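Asker: For reference, the sequence and a predicted model appear below.
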Protein chains: 2
Amino acid sequence: MSGRTRVLILTELEPELPPPPLNLLPDDIDVVEINSAPSDDQLAGASVLYVWDHRFADLGALLRRTDQLRWVQGASVGVNRLICPELADRPEVTLTNSRGVFDTAIAEWVLAAVLAHVKGLNDTWALQRQGRWQYRTTGRLAGTRAAVVGTGSIGRAIAERLARLDVEVTLVGRAPGDDPQFGSIRRSTDLVAVAAEVELLVLAVPLTPATTALVGAAVLAALGPQGFVVNVGRGPTVVESDLIDALRAGTIAGAALDVFEVEPLAATSPLWSMPNVLVSPHMSGDYVGFEIDMMAAFTDNLRRWRSGEPLHNIVDPAVGYVPR
Amino acid sequence: MSGRTRVLILTELEPELPPPPLNLLPDDIDVVEINSAPSDDQLAGASVLYVWDHRFADLGALLRRTDQLRWVQGASVGVNRLICPELADRPEVTLTNSRGVFDTAIAEWVLAAVLAHVKGLNDTWALQRQGRWQYRTTGRLAGTRAAVVGTGSIGRAIAERLARLDVEVTLVGRAPGDDPQFGSIRRSTDLVAVAAEVELLVLAVPLTPATTALVGAAVLAALGPQGFVVNVGRGPTVVESDLIDALRAGTIAGAALDVFEVEPLAATSPLWSMPNVLVSPHMSGDYVGFEIDMMAAFTDNLRRWRSGEPLHNIVDPAVGYVPR
């Protein structure tokens, strides 16, 4: 082994994402592409692991096979699949995520889904397929009220763009506080009360014990028949069966879902065929060329790592996200 | 006849729009609901006509039957159907429109259509109907370039909201000039050159001789294969057969159309079944409750009329819109 930094890139066995643009990595490192079952030879001497495969959920097993890894970066913002007891036991291993890369794309996806709902575009396309000219009146987004749950960079990007379109936005987070841009941050434990005050509920939280099943029957009932739910965080934040019940009963107006309790969404899920539901295959943040920006975020951190500077976007494994 | 103001309200024979909320009119006027063939008794003594029926296109014939009308308001912003030689011959008759009522709704509809295109929502819904989980990458709106043709209140509302979402906007108008918000206004006679510089072309112009067939094969070719056309003005601004050819050939990416050369759009039009086309039945501006705001705009002008104040939104029949 030379003194060159050895970087493991864990790529997808059955690629769904674009492949990692390895040409963007510096020349003077050793790059080893691995899958979820690397050989001992591949692991030997590697201090850095870039988990490109966002479906990889076995970091614990990998950490048990080597004591040389010091830094693991995930190719996503939500890194719940990488959180494991081994990380907590090994404070010398730093976990980072890809915070920032997806903010604009996800915020625009939320606007697209919400405006499509407000303007009834899915109905317009359905009538178009039937060749029917059917005049209707639809809604306006300006002047409506939204709660955005999640005060990370994605939640803030969503809140900011909704506010730019004259939506009255309430930020909801784990801890209450005052925000220079959005005023008082409400507590997620008060979500039933917050939901009763808004028409739009946007979920942009990492999956943690505190955010699991955060939105169930009580929140949905409070949201009410004009209410629209958007989830771009992680599926288990919403109790999917409660959401399906509310959509069936019409006690909320609709939902746009980019994430689900189990992905891919089961073929048997009633969500596929529900009117007023958008089923999106976990792609809201992934824009054409995002893999280049995601690799750039890694190479920037790699430069910091090699020069001894502090890394960006360090995740606290105890909470599951990048603390503010 | 008393000295009470007699106001004719020309309503729709086969209502498509909500009915006029007559209860919002002041009590101390005579309100006469008419259709497109009023009796002489109905016309007698009436000085004010509110054309609620946006499909009415026979104002000339009506003006020839009475010399008492002094003010005609249209329940739309584009009043091309009301422009007639009789108006030019009778300078004592003032024509006003409903400028301002629809600005926000139309601007939001444009954002909805554009973001749905950028995020591929129609494809997502198509895959959803097939129960297919198919990950894709889509686009970002921020950083793209748009030309908005039309410097009236609707065009400006569209341009402003696109700019709020970090789109680089060029305003295009009849006359060049400098605008405090959007910088240099380009001439619509230079539209081929402007189209070559943008991905998004939004049309929000009244129908006049200068805007008829403004967008044909040359503009569409300049717009190019990433180009997307949105028309919320009047159909004949676009040469529909050229647009169909460009969409078929893939020389532009798509279109969202709320207006057409002939409305309702003919059942035989290939636009109905084209992928990447949104066919919307002339409803982009009509939000739930718009009829109340539209009547309020009329009653405000009626108050001005009765107290001798200048009317708002006076259309110059020679150009066909409210001059700046």
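Answerer: Yes, it's here.
Asker: Every contact and neighbour count from this point should use C-alpha atoms.
Answerer: OK.
Asker: all strands of the stretch 1-150 of chain A, in order?
Answerer: Secondary structure of the stretch 1-150 of chain A (DSSP state E, counting those that start in this stretch): strands at A:6-10, A:30-34, A:48-51, A:71-74, A:94-96, A:145-149.
Asker: Turn those strands into a markdown table, columns for distance to B:V230 and mean pLDDT.
Answerer: Putting those into a markdown table (distance: least, Cα to Cα, whole Å; pLDDT from 0 to 100) gives the following:
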| stretch | distance to B:V230 | mean pLDDT |
| --- | --- | --- |
| strand A:6-10 | 43 | 97 |
| strand A:30-34 | 46 | 97 |
| strand A:48-51 | 41 | 98 |
| strand A:71-74 | 39 | 98 |
| strand A:94-96 | 42 | 98 |
| strand A:145-149 | 28 | 98 |
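Asker: Roughly how far does the closest residue to A:E168 other than its chain neighbours sit from A:V232?
Answerer: Excluding its sequence neighbours, the residue lying closest to A:E168 (Cα to Cα, 6 or more residues apart in numbering or on different chains) is A:R145, at 4.6 Å. Applying Cα to Cα, to the nearest Å, the value for A:R145 to A:V232 is 18 Å.
Asker: With A:V277 instead?
Answerer: 14 Å.
Asker: Kindly report the same for A:I314.
Answerer: Applying Cα to Cα to A:I314 and A:V232 gives a distance of 21 Å.
Asker: Among those two, which residue is more densely surrounded?
Answerer: A:V232 (26 against 19; other Cα atoms under 10 Å in any protein chain shown).
Asker: roughly how far apart are the more buried one and chain B?
Answerer: A:V232 sits 14 Å away from chain B, going by Cα to the nearest Cα, to the nearest Å.
Asker: In the sheet, which residues pair with the closest residue to chain B within the stretch 201-324 of chain A? Tell me.
Answerer: Residue nearest to chain B within the stretch 201-324 of chain A: A:Y287 (4.7 Å; Cα to the nearest Cα). Beta-bridge partners recorded for A:Y287 (DSSP bridges): B:T138.
Asker: measure the residue nearest to the spatial centre of chain A to B:T144 for me?
Answerer: Nearest to the centroid of the C-alpha atoms of chain A, with distances taken as Cα atoms, centre = their mean, sits A:G233, at 3.9 Å. Taking Cα to Cα as the measure, A:G233 falls 26 Å from B:T144.
Asker: A:V239 now?
Answerer: 37 Å.
Asker: Also A:A204?
Answerer: For A:A204, the distance to B:T144 equals 25 Å [Cα to Cα].
Asker: By mean pLDDT, flag the weakest helix or strand of chain A.
Answerer: Within chain A, no helix or strand scores below strand A:177-179, which has a mean of 91 by mean pLDDT, DSSP states H and E.
Asker: Packing partners of that strand?
Answerer: strand A:183-187 (3 or more Cα pairs under 8 Å, 6 or more residues apart in numbering or on different chains; DSSP states H and E).
Asker: what's the strand it packs on packed up against?
Answerer: Partner elements for strand A:183-187 (3+ Cα pairs under 8 Å, 6+ apart): strand A:168-173, strand A:177-179.
Asker: report the angle between the axes of it and strand A:145-149?
Answerer: 60 degrees (axes from the mean of the first three to the mean of the last three Cα atoms, to 10 degrees).
Asker: what's the spacing between whichever helix or strand comes after strand A:183-187 and its chain's center?
Answerer: Moving toward the C-terminus from strand A:183-187, the next helix or strand (DSSP states H and E) is helix A:191-195. Computed by Cα atoms, centre = their mean, to the nearest Å, the chain-centroid distance of helix A:191-195 equals 22 Å.
Asker: what's in contact with helix A:191-195?
Answerer: A:147, A:172, A:186, A:201, A:218-220, A:222-223 (Cα atoms under 8 Å, 6 or more residues apart in numbering or on different chains).
Asker: From those residues, pick the one nearest B:F228.
Answerer: Ranked by distance to B:F228 (Cα to Cα), the contacts of helix A:191-195 are led by A:L201 at 30.5 Å.
Asker: Surely that closest one forms part of a strand?
Answerer: Yes - using DSSP: H, G, I helix; E, B strand; the rest coil, the assignment for A:L201 is a strand.
Asker: Verify the contact between it and A:G227 for me.
Answerer: Yes - between A:L201 and A:G227 there is a contact under Cα atoms under 8 Å: 7.4 Å.
Asker: For those two, indicate the residue with more neighbours.
Answerer: The neighbour comparison of A:L201 against A:G227 (other Cα under 10 Å) goes to A:L201, with 26 against 22.
Asker: Could I get the contacting residues of the more buried one?
Answerer: A:146-149, A:195, A:223, A:227-230.
Asker: Let's see that with 6 Å instead.
Answerer: A:146-147, A:229 (Cα atoms under 6 Å, 6 or more residues apart in numbering or on different chains).
Asker: A:E263 too?
Answerer: Taking Cα under 6 Å, 6+ apart, we find A:E263 in contact with no residue.
Asker: What's the local residue count around the residue nearest to A:V169 when sequence neighbours are not counted?
Answerer: Counting by Cα to Cα, 6+ apart, A:V169 lies nearest to A:A146, which is 4.9 Å off, once chain neighbours are set aside. A:A146 has 25 neighbours, counted by other Cα under 10 Å.
Asker: list the contacts for A:A146?
Answerer: Per Cα under 6 Å, 6+ apart, neighbours of A:A146: A:169, A:198-201.
Asker: quick one: it from A:L171, how far?
Answerer: From A:A146 to A:L171 the distance is 9 Å (Cα to Cα).
Asker: Please apply the same query to A:L62.
Answerer: 38 Å.
Asker: Residues of the stretch 151-300 of chain A that sit close to chain B?
Answerer: A:272, A:281, A:286-288 (Cα under 6 Å from any Cα of the partner chain).
Asker: Can you select the buried ones from these in PyMOL?
Answerer: Selection command for PyMOL covering only the buried members of these, criterion 16 or more other Cα atoms under 10 Å in any protein chain shown:
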select buried, chain A and resi 272+281+286+287
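Asker: Throw the residues of the stretch 151-300 of chain A next to chain B into a markdown table and include distance to A:R324, thanks.
Answerer: A markdown table is the format used below for those (distance: Cα to Cα, whole Å):
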| residue | distance to A:R324 |
| --- | --- |
| A:W272 | 37 |
| A:P281 | 29 |
| A:D286 | 24 |
| A:Y287 | 26 |
| A:V288 | 29 |
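Asker: which of the residues of the stretch 151-300 of chain A next to chain B lies closest to B:L165?
Answerer: Distances from B:L165 to those, taken by Cα to Cα, are shortest for A:Y287, at 16.2 Å.
Asker: what residues are up against the closest one?
Answerer: B:137-139.
Asker: what residues go with each domain of chain A?
Answerer: Domain ranges of chain A: A:6-99+A:288-307, A:103-279, per automatic domain parsing.
Asker: Quick one, which of those domains gets closest to B:C84.
Answerer: Short answer: domain A:103-279, nearest of the domains of chain A by Cα to Cα, at 27.2 Å.
Asker: and the end-to-end length of the closest one?
Answerer: Where domain A:103-279 begins and where it ends lie 20 Å apart, using Cα to Cα.
Asker: Tell me where the stretch 1-150 of chain A has helices.
Answerer: A:40-43, A:59-65, A:85-89, A:103-118, A:121-129 (DSSP state H, counting those that start in this stretch).
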